[in-house]
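Student: the following comprises the amino acid sequence and a computationally predicted model.
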Amino acid sequence: MGKINGCLKCLFIFFNVLFAIAGCLLIFGAVKSTAYSHQLSAVGTPSLGWGWVFAIGVLGISCLGIYAGCSEKELALKIFAGFMGVGMVIMLIFGIIMAVTRNKIKHSFDSASSEISKPFMEEEGLRALLEELQKSVQCCGVVGASDWGDQIPQSCECRSGYRGPFGMSECKSKPQGSSGPDQIYKQTCSGFIFAWFDLIFQIAMGFFFAFAVTAFMGLLVSLLMIHQVRRHDMSGGASIAMKGY
């Protein structure tokens, strides 16, 4: 008979296997995101290095949990419980960092600062994405048509009376001294761009806070398993002593 309740042990190992798989998927996602890490950090998002640390941490701690559950060793369970306690605090910190970073980026977009448009203008890939966005949502520039300098692209062209997928497009004349279409979209793209970032940050915040709750539950379960192991060892030791007597 094992030291730990069979159902509790199976449930503990099962969830650690799921998180180990999640850790592998996070590592795969980090590998795929490496190509875009420079562009994302340019607009104020956290470094991708933290993503690697988190993904490897999830995989490593999950493997430790699987070993601790299978071996039923008190030391391994104590180490796992310690990681759960630390992980819970770290997840809460990451969730708060995501919230603060989101508010910081929102303030940059709301203030229509020219600084927020520099990464899009300097990176060729982001410039291409911005042009595609301008065509699809009928907007021009991140904070204004002036982001393009004196050469406004054709993707900013606005045709009077044209009704796109987001409603009737409002047009205005191009800035004086600039080349390009005579009529351009009045609306800027900052609101649409921030909507993307806002969705990403909301998902990230939910992800981190959910992991914090999960780590708390893992801490409680591991403490319960430690209690069961200790009780089994103490009752076993007493039984041996009585037989020897």
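Tutor: That came through fine.

Student: shaky segments in the protein?
Tutor: Scanning the chain for pLDDT under 70 picks out the ranges 1, 34-48, 112-115, 160-169, 236-245.

Student: can you say which helix or strand has the residue nearest to residue 72 when sequence neighbours are not counted in it?
Tutor: Sequence neighbours aside, residue 3 is the residue nearest to residue 72 in space, at 4.7 Å (criterion: C-beta to C-beta, 6 or more residues apart in numbering). (Each C-beta comes from the backbone N, C-alpha and C, glycine too.) In the assignment (DSSP states H and E), residue 3 maps to no helix and no strand.

Student: since we're on residue 3, how many residues are nearby?
Tutor: The number of residues packed near residue 3 is 16, by other C-beta atoms under 10 Å.

Student: from memory it sits against residue 228, does it?
Tutor: Yes: using C-beta atoms under 8 Å, residue 3 is in contact with residue 228, at 6.2 Å.

Student: in contact with residue 66, which residues?
Tutor: Contacts here follow C-beta atoms under 8 Å, 6 or more residues apart in numbering; on that basis residue 66 touches 13, 16-17, 20.

Student: now, those residues that are in strands?
Tutor: Among the contacts of residue 66, no member is found in strands (DSSP state E).

Student: so how do I select the buried members of the residues you listed in ChimeraX?
Tutor: In ChimeraX, this line selects whichever of those come out buried by 16 or more other C-beta atoms under 10 Å:
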select :13,16,20
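
Student: sitting in helices, which of the contacts of residue 66 do you find?
Tutor: Counting by DSSP state H, these place 13, 16-17, 20 in helices.

Student: make JSON lines from those residues and add distance to residue 82 to it.
Tutor: Listed next are those as JSON lines, based on distance: C-beta to C-beta, whole Å:
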{"residue": "13", "distance to residue 82": "19"}
{"residue": "16", "distance to residue 82": "15"}
{"residue": "17", "distance to residue 82": "21"}
{"residue": "20", "distance to residue 82": "19"}
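
Student: tell me which of those residues is nearest to residue 183?
Tutor: Looking at the ones in helices among the contacts of residue 66 and their distance to residue 183, the nearest is residue 20, at 56.5 Å (C-beta to C-beta).

Student: how close does that closest one get to residue 133?
Tutor: Residue 20 is 38 Å from residue 133, where distance means C-beta to C-beta, to the nearest Å.

Student: of the ones in helices among the contacts of residue 66, closest to residue 220?
Tutor: Residue 220 has its nearest neighbour among the ones in helices among the contacts of residue 66 in residue 16, at 14.7 Å by C-beta to C-beta.
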